[in-house]
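Undergrad: Could you look at this predicted model? Sequence included:
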Amino acid sequence: MPKAQETVLEIDLKALKHNFDYLKSKLNNNTKITAVVKAFAYGSDAAVVAQYLQKLNVDYFAVAYTNEGIALRDAGITTPILILHPQPVNFKLIIEHCLEPNLYNAKVLNAFIKIAEETQQSNYPVHIKFNTGLNRLGFWENDVDDVVSRLNSTNTIKVASVFSHLAASEAKNEKEFTVAQIETFNTIVARFSKKIGYTPTKHICNTSGILNYPEAHFDMVRTGIGLYGFGNSKMEDLHLKPIATLKSILSQIHHIEKGETVGYNRAYTSDAPKKTATIPIGHADGVSRHYGNGKGYVLINGEKASIIGNVCMDMIMVDITSINCEEGDEVQIFGKETTAEDLARTTNTISYELLTAISQRVKRVFRS
Ligand SMILES: *Cc1c(COP(=O)(O)O)cnc(C)c1O
């Protein structure tokens, strides 16, 4: 890759393939894979990532909102797309774009059946979610009979899958809870399938579920963060490759005296003569203000330069007093050396949040 001459997010499609193959190697041949490409494929580029994964014959895509699914259809994605968190206001659009809704409570189930009847659908694929302990979205175990009788009252829709979501699949100390979730899910699906008279696809695992609970892979798994190179553990991170590298350039160097301040509100005061650098990336690009005032850092020629003062909308200033560098040098915010997980940890957050915050104005470049 040529040296960055502006702020760019570099997406390594070979790394994406590596991660896909690694996750796939954990599964039986007949377990399908849903690639979770919500939030611009975790801040990368949903269209390019989905097109690439479609070529690798991924079985399903999942996104959170309807407009994300429409964007994938507009980008030429023909693979089935599960909308994880749809709202009734979008049900017509969902059908128009052949998207498949998660129906998670009686209100949305009835609303979707109404639209399916109005538009004369038959066996339109839908997904039914059960809550097994996350307490976020989904019918409850004791709703099974009502859900099935409502489903059996119409042939406009057909259940493509029944699924649930694990609350703490990455946490070793929550194994008992997770195993209980899996057991509850097994009970629900057994009863559901018996009552409805056919066996929908069954899935509960996210990335950490795939890695930690092989007995729960069932018919399909849903992976997001793993595809992007993180496994929620140091051990698993060794097997995966971060696909995104956030790079920028050193715009200007300043030499300041002891007692001078840097940035808005004069938040940083130098305690000695210092050399500082200004870099064109700020909170509007996704580097939150939490990274300011010495918490976060960037790499310049392989060395750590800590962010001094407040993060501005379009810039950060870093301390380069002991770094050999010049204007125009490349700056790495995160990538393979300092990973997004490493940088996220400096502000007590997680890679998911840092990655998905990278704003749309940051240019994406692709390497394959
Ligand atoms: C986001 C999401 C996933 C993906 O989780 P990862 O930890 O990124 O693999 C899977 N299932 C549901 C329901 C989700 O919301």
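TA: Cool, the structure landed. Residues are numbered from 1 along each chain as shown.

Undergrad: all helices of the stretch 151-300 of the chain, in order?
TA: Along the stretch 151-300 of the chain, counting by DSSP state H, counting those that start in this stretch, helices occupy 175-196, 207-212, 234-237.

Undergrad: list the helices and strands the longest one packs on?
TA: Right, helix 175-196. Secondary-structure packing of helix 175-196 (3 or more Cβ pairs under 8 Å, 6 or more residues apart in numbering; DSSP states H and E): helix 144-152, strand 157-163. Yep, even glycine has a C-beta here, placed from its N, CA and C like the rest.

Undergrad: wait, which of the ones you listed is closest to the ligand?
TA: strand 157-163 (7.4 Å; Cβ to the nearest ligand atom).

Undergrad: Quick one: work out the angle between the closest one and helix 175-196.
TA: 160 degrees (axes from the mean of the first three to the mean of the last three Cα atoms, to 10 degrees).

Undergrad: can I get the CA coordinates of stretch 98-110 in CSV?
TA: Output of stretch 98-110 as CSV, limited to C-alpha atoms (Å, rounded to 0.1, in the frame of the first residue of the first chain):
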residue,chain,number,x,y,z
CYS,A,98,-37.0,-9.0,-0.6
LEU,A,99,-35.6,-8.4,2.8
GLU,A,100,-36.4,-10.8,5.6
PRO,A,101,-37.7,-9.4,8.9
ASN,A,102,-37.0,-10.6,12.4
LEU,A,103,-40.4,-10.7,14.1
TYR,A,104,-39.8,-10.3,17.8
ASN,A,105,-43.1,-9.5,19.4
ALA,A,106,-46.9,-9.8,18.8
LYS,A,107,-47.1,-6.2,17.6
VAL,A,108,-44.6,-6.6,14.8
LEU,A,109,-45.8,-10.1,13.9
ASN,A,110,-49.3,-9.0,13.4
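
Undergrad: and the residue in the chain positioned nearest to the ligand, what does it touch?
TA: Nearest to the ligand, among the residues of the chain, is Gly224, at 2.6 Å (Cβ to the nearest ligand atom). By Cβ atoms under 8 Å, 6 or more residues apart in numbering, Gly224 lies in contact with Ala35, Val36, Val37, Lys38, Tyr42, Asn206, Thr207.

Undergrad: try 10 Å
TA: 34-39, 41-42, 62, 206-207, 230, 352, 356 (Cβ atoms under 10 Å, 6 or more residues apart in numbering).

Undergrad: buried ones in stretch 7-14?
TA: Thr7, Val8, Leu9, Glu10, Ile11, Asp12, Leu13 (16 or more other Cβ atoms under 10 Å).

Undergrad: List the buried residues of stretch 106-126.
TA: Val108, Leu109, Ala111, Phe112, Ile113, Ile115, Ala116, Gln121, Tyr124, Pro125, Val126.

Undergrad: So for it, mean pLDDT?
TA: Per-residue pLDDT values across stretch 106-126 average out to 98.

Undergrad: Wait, Gly282 touches Ile333, no?
TA: No - with contact defined as Cβ atoms under 10 Å, Gly282 does not reach Ile333; the gap is 11.2 Å.

Undergrad: So which residues on the stretch 101-250 of the chain come close to the ligand?
TA: Contact residues (Cβ under 6 Å from any ligand atom) of the stretch 101-250 of the chain with the ligand: His165, Asn206, Thr207, Arg222, Thr223, Gly224, Ile225, Gly226.
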